[in-house]
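K.L.:
Pasted the sequence and its predicted model underneath.
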Amino acid sequence: MTEDRSVSHKSREAEARAQYLTFHLGEEEYGIEILRVQEIKRYPAVTPIPNSPPHIKGVMNLRGSVVPILDLRTRFGLPAVEHTRFTVIIVVTVGTKVVGLVVDSVSDVLAFTASQIEPPPQLAMGTKDSFLTGMAKHDERLISLLAIDAVAEREEPVAVEEAA
Amino acid sequence: MKIDLARFRETFFEEAAEHVATLEQGLLGLERPDADPDLLNSIFRAAHSIKGGSGTFGLEQVASFSHVLENVLDRMREGTVQPTRARIDLLLRSTDVLKGLLVSARSGEAAPAELEQVLADLQREQASGADPAAASAAGGEGASEHAAPPQATNAPQLRRIHFRPASDVLLSGLDPILVLRDLASLGEIREVTCDTSRLPSLTALDPEVCHLAWTVVLSSDACEAAIRDVFAFVEDGADIQVSVAAGASAAASTARGPAVNERATPKPTADATAPAAGPAFRRRASDVEASSSIRVSIDKVDRLVNLVGELVIAHSMVADVVSHFTLDKLDRLQAAVSLMGRNTREMQERVMGVRMMPIGSLFGRFPRMVRELSGALGKDIQPEMSGEETELDKAVVERIGDPLTHLVRNAVDHGIDDVETRRAHGKPEQGVIRLAACTQGGSVIIEVADDGRGLDKERIHRKAVERGLARADEVLTDEQLYALILQPAFSTADKVTDLSGRGVGLDVVKRNVEALNGSISITTTPGRGTSFRIKLPLTLAILDGQVLLVGEELFVLPLVSIVESLRPKRAHVKQVFGDGEVVMVRGDTLPLIRAHRLLGVPTEVIDPCEGLTVIVEHEGRRVALLVDDLRGQQQVVIKGLDVNYRRVEGVLGATVMGDGRVAFILDVAGLIRMTDPDAVEARRALAHARAETSYAPAAAAA
């Protein structure tokens, strides 16, 4: 009986929480809904796509599928860095498409309750559509939760517009 | 059970489409003087199969229509009436309606507009010459079946349903409770009584025998046929009675709560298509398109199974050698690997074969079309077909249909003259349109030829000058001249007819063919005829490619578009208009396209005399593509970039090379398009942006 209760207690708690995979870009920590993550891979051989926007690094061969690689640093206007042994690709699903995201390193899988998540800051809300769904606090860390569809799908590359 | 029915339903529609095709081809064949007497029988059987199947699946409109059709055919089979041209016309129109009805039943679209008219004509035909009583009875039956459903769906009725399944029903894996649940989905079950009177004592009970019977009182707006349909799979040996529970109808409608309303499935508005269809059917209507399937002959599948078996054996041989490997086993390893390679290659071919279908399924529509078009134009044209068994990828077959239709129309309308003109030229009165297909290497050639008047070179040239496509003093080769008629808005026809002549069409044909990686060429002899030759790849999935090196990247160029490769002499490379460059190749001046620039790939080889130029051809236009070097030729599997990304200009798709890296397959048409000034400008901006971002770290460091 006691066991039963603890199980049901746990599952109730799990319902209220959403799990996120967190990763780093420089000093900043970001989170992606774990249900969207298909796998994490080492940085592969990448073939650049002719005349693609700067944040598209190219394509990789993922077990026979051709999957585009998106560099989140370039996407967010952060300076490029040398790849290290921690540099990985997070393979996520966006609708029916599969996309790889280059990040500096992955760190944790964290669960947040709705009360832990705050709306994205006003600053980001000011832009046309924000890349963030919210901000989560965990211990002393502040984690930006990514709106992965907006990051991957939106056609016009922000960086190019600014540069041109 | 519902899921099962829905699956069978798809199969029914596929088979019905085949039966309709048989009907149509058979009817056309009837007109020939040497018609096979058995032909009528096969036509009849096709109509009968559609009727039977549609009855099973509750498609009453299809069933009643094919019933009337069948009656008319039956009369013909008995010899009571002759297959005259008018009758065949009517029957052909009926097959169109039948086709439309099937489509509407499948997708939920409205029934074809001609339905009423054709049905009325058919019924008149059916009645004529027959004994009046029988005819009116048959006509009445068709009409009432047709008219009944809309009324039946409105008021919910109370029905008493008695169901005693066959005692061995459990042995066939069917559970009577599912039937009862299905009944519940049709409306509201008011009362269920289970008759246990036949239940033996426990000691005598055989648990695998069904002893029970049920009586259900159901309030439903579904018609009786729909209710009976629920029992479709258990009716063998079962006792099923459906009767209206008298006087209960009014009570039912007042007692009907809102919950029932939602659940009552066949809405009055949707009755025209499939009144009896249950909710499972309705749900599927939307995904008809997505669930297109292939019918594969069983021996193709068997061979695949065998091959997989061999592959497994070959793998275990390799695994065995590798697990205790010593150098002296190298021979065995090589042998095992080469066996595995052979198996894999054969497997690849055969798996591709599964997607293949004979082009005859496409050719089948043309005799009918030629017959009707030529009739309308007062011409006498005989279609001739060969190579119908030539197999092509299903996707190619589906997408080449429209272009071929265009070409055939064109041949009927412009290619072949009317009877008088032909007679005046001393040709046989009957014109011939020839459709031929054959396999040639990795390609399929489809030819649409007519024995008409041929193309008028002078008129084409005049028109081209008018349209500004050529200069008056320009001397064009035949090839270039004929290619002009494939340009948009180019038509030499003197008058615009309903069929063609507006100049839309041939350019669309060309575009469609090229979208399939194919090419089209024209040959013509004045007074003797014109022939369009379409060359298509066997499959869209594999391509013969030439591997190229640009910078550090490998690219694949489709072998079909390569004319030759050469390293030009310095004297043969010229600068023109500042930016432009040309290469002289044996007197021809070809624009030089630098692949590294077009594709934004950095390379050391920028001197055309140090790299290689690949002469590629597209639409009779040749350009020289500068690359660093050539690598081998190989077959590559095409993978669409738009699956996970989007289409990229100048790129046909991607492929995975032997080392696991992705390489892009270049699209010659796209590359040529990319050389026009606007595109160049846009690319420059993009390259600039790229450069900015890659300088960023330096800036940050500073």
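P.N.:
Received it, and whenever you're ready, just let me know what you need. Numbers count the residues shown, from 1 in each chain, chains lettered A, B, ... in the order given.
K.L.:
Need the pLDDT of the residue nearest the centre of chain B.
P.N.:
In chain B, the centroid-proximal residue (C-alpha atoms, centre = their mean) is residue B:398; its distance is 3.2 Å. Residue B:398 is assigned a predicted lDDT (pLDDT) of 83.
K.L.:
got the buried residues for the one helix or strand it maps to?
P.N.:
Residue B:398 belongs to helix B:394-410 when elements are defined using DSSP states H and E. Neighbour-count burial for helix B:394-410, counted by 16 or more other C-beta atoms under 10 Å in any protein chain shown, picks out B:394, B:396-397, B:399-401, B:403-410. C-beta coordinates here come from the backbone N, C-alpha and C atoms, glycine included.
K.L.:
near chain B, which residues of chain A show up?
P.N.:
A:45, A:47-54, A:56, A:58-61, A:64-68, A:74, A:79-81, A:97-99, A:157, A:159-160, A:163-164 (C-beta under 8 Å from any C-beta of the partner chain).
K.L.:
Drop anything exposed from these.
P.N.:
A:47-54, A:56, A:58-61, A:66-68, A:74, A:80, A:97-99, A:157, A:159-160, A:163.
K.L.:
From these, which land in strands?
P.N.:
Members of those lying in strands (criterion: DSSP state E): A:56, A:58, A:59, A:60, A:61, A:66, A:67, A:68, A:97, A:98, A:99.
K.L.:
which one is the fourth one nearest to, not counting chain neighbours?
P.N.:
What sits nearest to residue A:60 in space, not counting adjacent residues and going by C-beta to C-beta, 6 or more residues apart in numbering or on different chains, is residue A:44, at 4.4 Å.
K.L.:
Tell me, how many residues neighbour the one you found?
P.N.:
Residue A:44 has 18 neighbouring residues, counting by other C-beta atoms under 10 Å in any protein chain shown.
K.L.:
Regarding it, which helix or strand does it belong to?
P.N.:
Judged by DSSP H and E, residue A:44 forms part of no helix or strand.
K.L.:
Spit out the contact partners of it.
P.N.:
Contact partners of residue A:44, counting by C-beta atoms under 8 Å, 6 or more residues apart in numbering or on different chains, are A:60, A:61, A:89.
K.L.:
who touches the last one in this structure?
P.N.:
Translated: residue A:89. A:40, A:41, A:42, A:43, A:44, A:60, A:69, A:100, A:101, A:102, A:103.
K.L.:
Try it again at 10 Å.
P.N.:
Residue A:89 makes contacts with A:39-44, A:46, A:57, A:60, A:62, A:67, A:69-70, A:99-103, as judged by C-beta atoms under 10 Å, 6 or more residues apart in numbering or on different chains.
K.L.:
Mind giving me the ChimeraX command for buried ones among these?
P.N.:
Selecting only the buried entries of those in ChimeraX, with 16+ other C-beta under 10 Å as the criterion:
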select /A:43,44,46,57,60,62,67,69,70,99,100,101,102,103
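K.L.:
quick one: the strands in chain A?
P.N.:
Counting by DSSP E, the strands of chain A are A:17-25, A:28-33, A:37-42, A:56-62, A:65-71, A:88-94, A:97-103, A:105-113, A:117-118, A:132-138, A:141-146.
K.L.:
Now the first one: buried residues?
P.N.:
This points to strand A:17-25. Buried residues in strand A:17-25 (16+ other C-beta under 10 Å): A:18, A:20, A:21, A:22, A:23, A:25.
K.L.:
Roughly how far does the closest residue to the first one other than its chain neighbours sit from chain B?
P.N.:
In space, residue A:18 comes closest to residue A:112 once its chain neighbours are excluded; the distance is 6.1 Å by C-beta to C-beta, 6+ apart. Using C-beta to the nearest C-beta, to the nearest Å, we find residue A:112 at a distance of 29 Å from chain B.
K.L.:
one step back: for the helix or strand just after the helix holding residue B:398, packing partners?
P.N.:
Next along the chain after helix B:394-410, taking DSSP H and E as the criterion, comes helix B:419-424. Using 3 or more C-beta pairs under 10 Å, 6 or more residues apart in numbering or on different chains; DSSP states H and E as the contact test, no helix or strand touches helix B:419-424.
K.L.:
Mean confidence (pLDDT) on whatever helix or strand comes next after helix B:419-424, please.
P.N.:
Next helix or strand after helix B:419-424 toward the C-terminus (DSSP H and E): strand B:431-440. Averaged across strand B:431-440, pLDDT comes to 89.
K.L.:
The following helix or strand past strand B:431-440 pairs with which strands?
P.N.:
Sequence order places strand B:443-450 as the next helix or strand after strand B:431-440, per DSSP H and E. Partners of strand B:443-450 in the sheet, by DSSP bridges, are strand B:431-440 (antiparallel), strand B:529-537 (antiparallel).
K.L.:
how far is strand B:443-450 from where the chain is centred?
P.N.:
Distance of strand B:443-450 from the chain centroid (C-alpha atoms, centre = their mean, to the nearest Å) equals 19 Å.
K.L.:
do the same with stretch B:613-626
P.N.:
Worked out by C-alpha atoms, centre = their mean, stretch B:613-626 lies 33 Å from the chain centre.
K.L.:
What number of residues are in the vicinity of residue B:312?
P.N.:
Residue B:312: 11 surrounding residues under other C-beta under 10 Å.
K.L.:
separation between it and residue B:199?
P.N.:
Distance of residue B:312 to residue B:199, computed by C-beta to C-beta, to the nearest Å: 52 Å.
K.L.:
ditto for residue B:517
P.N.:
From residue B:517 to residue B:199 the distance is 69 Å (C-beta to C-beta).
K.L.:
So those two - more neighbours on which side?
P.N.:
Shown here are residue B:517 and residue B:199; by other C-beta under 10 Å, residue B:517 has more neighbours (22 against 12).
K.L.:
ok, the more buried one - contacts?
P.N.:
B:396, B:443, B:535-537, B:539-540, B:543, B:558, B:560-561, B:638, B:652, B:665, B:667, B:669.
K.L.:
Enumerate the positions of the strand or helix carrying residue B:102 that are buried.
P.N.:
In the assignment (DSSP H and E), residue B:102 maps to helix B:85-107. By neighbour count with 16+ other C-beta under 10 Å, helix B:85-107 contains the buried residues B:87-88, B:90-92, B:94-107.
K.L.:
Thanks a lot, catch you later.
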